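>>> What follows is a protein structure lacking sequence information:
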């Protein structure tokens, strides 16, 4: 048996007329406590879901860093060189850029000597 909204409204209106004034105060106090509990639960759930989203973002950032490191290590390897150093994206990228600059400088030097 399902109660419709109209039936529930009629029951609540009759209940207000039948209740004593001190019962109405107690009911309003209980309603405020219930409302506070609902908002607290909502806050806890939102916070928990926010933590999950943050962890997922952190995980995705870690995967992106690994992919970037692998990309630059492959580029270094393609140049016939090897990398020895810290395996974080900034250091590997810096080493690759330094290697590219050194190769470019060497090529300019060779071109200058050949001409």
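Great, that's in hand. For clarity, every value in this text was computed on a predicted model and none was experimentally measured.
>>> State which helix of the protein is the longest.
helix 21-78 (DSSP state H).
>>> I'd like the next helix or strand past that helix.
Going down the chain from helix 21-78, the next helix or strand is helix 89-114, by DSSP states H and E.
>>> For that following helix, which helices and strands make contact with it?
For helix 89-114, the elements it packs on are helix 21-78, judged by 3 or more CB pairs under 8 Å, 6 or more residues apart in numbering; DSSP states H and E. (Each C-beta comes from the backbone N, C-alpha and C, glycine too.)
>>> Centre of the chain to the helix it packs on, how far?
Averaged C-alpha coordinates place helix 21-78 at 8 Å from its chain's average position (CA atoms, centre = their mean, to the nearest Å).
>>> how far off helix 89-114 does it point, in degrees?
30 degrees (axes from the mean of the first three to the mean of the last three CA atoms, to 10 degrees).
>>> for helix 21-78, packing partners?
Using 3+ CB pairs under 8 Å, 6+ apart: helix 21-78 touches helix 89-114.
>>> Give me the average confidence score over the helix it packs on.
For helix 89-114, mean pLDDT is 85.
>>> Show me which positions of it end up buried.
Buried residues in helix 89-114, counting neighbours by 16 or more other CB atoms under 10 Å, are found at 89, 92, 95, 96, 99.
>>> Neighbours of the residue lying closest to the second one once chain neighbours are set aside, how many?
Closest residue to residue 92 in three dimensions, ignoring its sequence neighbours and counting by CB to CB, 6 or more residues apart in numbering: residue 72, at 4.5 Å. Here the count is done by other CB atoms under 10 Å, and residue 72 has 19 residues near it.
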